[in-house]
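Engineer: no FASTA, just this:
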């Protein structure tokens, strides 16, 4: 099947073999030169006198209901190929379909009649942070043509000449790039829409500012642009300048007047043009007076933008869109914030578009997707968006994405679908991978270790395979693939520990597993889990950390088999972190690590540590570091402590707590919202041991006796250094097992005494060793 899904397609028996095309042009819409270029660029076929005849004709008389008659096309494939279209873009659309039909030098015999449901179907490059490169933009324009989109809006937030320096003309070198992009857009029948965001500083009553904006638009009009945008999004919702306060009663009045003046001047200079306005109030269904007034006072030919019920809308329903369209007086287009990830730069949205009502084309003029900073990686979601916009009645998300991947990658398409699931699919519509069943099976006593090994090996090999298949895509996702590789290596080492021939060999592999795991968890990127964006607090939370859950189950298998007598507590949470400072660093027994939040706290962050073997009557020491340095703010937490004496809840910022029972779990929940939360560190010290040393370290010396396999005491040693462990009471010691990191081992002499010396450094001989 094709992407987008055609309105009507009739498949016949048989194939037409094609190695080259012989174009026969029966229309004034196409020139011989342009036709040759389109065939070669879209189909990758040679054009020659000996090729298969392909007839291009505009002699088509079809009554179909579509807002874009110029994009209607018909294909008939028998002993030759006949292509009918009413406009240039229709011929481009037809060639895009032929590209997908052409497989192995053959085209199936078929009849296709096709046309779009939405008038404007496109992309708005409107995200924050690093804009696309010019090569990225050219790639995306070509992609849009191949999947029948027709409009591209240039509006990168961090292009300084688009927003902050909007009054300043573009340098000549940038205008040269814009001209090249406009030319490419025209070649593929894509409408290039040039937008400016003047709202941070514009004086709307000023004729001078009006002149500056008109001049900027006219400078790109000389390059072939006749579609424009004025964006007032993400600015203060009030009049800022005294001149404007004197002239206008409301911000809406100012925006309407300024936009109308610019529109009228452009129309006078250029004739028929398109202008799109993005309002300051752009989300919601129960919109306020600003949107109503702007809709009533804008020139009726100017389109208004809307993002849906939310900024990143999980669902856009027909009735909601209809209501807002009426407020906009029937000229509404959607700025769809998917798959954009500027709000979650440590995640990728690779999953298909979902929950857009099939009837939206009845009340909307169009829809523009805001993509990710990663242009090539955006294509997976954007292709499904193109499918929806062309034929929403037949759109099916899963099928759409699978078909796109098969078109682009053939038999390797499954790898990209696999990756999408390993990255949680989407922060708006999260999905768990099928491999999550391994966790429940292991918990129930079933050990599908061969399948788990294949999974880990697939994670390890994914990076190399994708690099070969699609280098551009690989560049976008490389940092995410690296973290998945580390997780795969950690899991594989865990399985090797399980299959080891003895406990010493098992420990070598376990140590490797812990090192790779520790490194992976600290990386900034979020992989191996599902996440959901909570717009009420503008924070994205982890929902299910499935890859870490699986590794905990693997390590428990190993510990159970080899009877180390130690544990690795489960540390899971829902919050993000900066590089090297994830939630596991809260409890890692080091003094120079901690959790550092990626962004603000919202009052919904949670972290849980669970012990398989309860810790006997420990001290819990909580510290929020550098609270008074650099503007960092302490966060109040609710600490829920589960012990043999019950469940106790404490409201705490910092301090020490002596637990009377044996603790099995601590659940921390942030209670306060703060912009600059302080780093968080917790030490859990067993009360039934005392440890002393004459060495220094960035790790806690109590790590030696904390009954955990994943914490160590690390120090540089020299002859005469000592560590003293006070058991606090007489115990029968049958065996002492020392576990050292295989990368750095030392030789020890062990002494056992019935009485603990007070000052072994001063006079070790006083004690009866």
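Structural biologist: Perfect, I can see it now. Since the model is a prediction, treat every value here as computed from it, not as a measurement.
Engineer: quick one: the strands in the stretch 351-500 of the chain?
Structural biologist: Using DSSP state E, counting those that start in this stretch, the strands assigned to the stretch 351-500 of the chain run over residues 366-369.
Engineer: For residue 144, see how far away the closest residue to residue 187 other than its chain neighbours is.
Structural biologist: The spatial neighbour of residue 187 that comes closest, neighbours along the chain excluded (CB to CB, 6 or more residues apart in numbering), is residue 37 at 7.3 Å. Every C-beta, even on glycine, is put in place using the N, C-alpha and C of the backbone. Here the distance between residue 37 and residue 144 works out to 17 Å (CB to CB, to the nearest Å).
Engineer: So between these two, which is more surrounded?
Structural biologist: The residue with more neighbours, out of residue 37 and residue 144 and counting by other CB atoms under 10 Å, is residue 144; that gives 25 against 13.
Engineer: which phi and psi does that one have?
Structural biologist: In terms of degrees, to the nearest 10, the main-chain angles of residue 144 are phi -60, psi -40.
Engineer: Could you report the pLDDT at the residue nearest to it when sequence neighbours are not counted?
Structural biologist: In space, residue 144 comes closest to residue 190 once its chain neighbours are excluded; the distance is 5.7 Å by CB to CB, 6+ apart. Residue 190 carries a pLDDT score of 99 in this model.
Engineer: residues contacting residue 190?
Structural biologist: Contacts here follow CB atoms under 8 Å, 6 or more residues apart in numbering; on that basis residue 190 touches 122, 141, 144-145, 149-152, 184.
Engineer: now do residue 239
Structural biologist: Remark: with contacts taken as CB under 8 Å, 6+ apart, residue 239 is in contact with 204, 245, 248, 250-251, 254.
Engineer: Please tell me how far it sits from residue 204.
Structural biologist: 8 Å.
Engineer: list residues touching both of those two?
Structural biologist: With contacts taken as CB under 8 Å, 6+ apart, the residues that reach both residue 239 and residue 204 are 248, 254.
Engineer: Which residues outside the helix or strand where residue 177 lies are in contact with it?
Structural biologist: According to DSSP states H and E, residue 177 maps onto helix 172-187. By CB under 8 Å, 6+ apart, the residues outside helix 172-187 that reach it are 34, 37-38, 41, 134, 137-138, 141-142, 152, 154, 161, 170, 190-192, 194, 219-220, 223-225.
Engineer: Return the residues in contact with the nearest residue to residue 315 once chain neighbours are set aside.
Structural biologist: Here the nearest residue to residue 315 in space, its sequence neighbours aside, is residue 355; by CB to CB, 6+ apart that works out to 4.0 Å. Contact analysis of residue 355 by CB under 8 Å, 6+ apart lists 314-316, 429.
Engineer: Return the subset of these lying in strands.
Structural biologist: When strands are assigned by DSSP state E, not one member of these lies inside them.
Engineer: Same list (those residues) but as JSON lines, adding distance to residue 743 and neighbour count.
Structural biologist: Below are those laid out as JSON lines (distance: CB to CB, whole Å; neighbours: other CB atoms under 10 Å):
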{"residue": "314", "distance to residue 743": "47", "neighbour count": "16"}
{"residue": "315", "distance to residue 743": "51", "neighbour count": "14"}
{"residue": "316", "distance to residue 743": "54", "neighbour count": "22"}
{"residue": "429", "distance to residue 743": "43", "neighbour count": "19"}
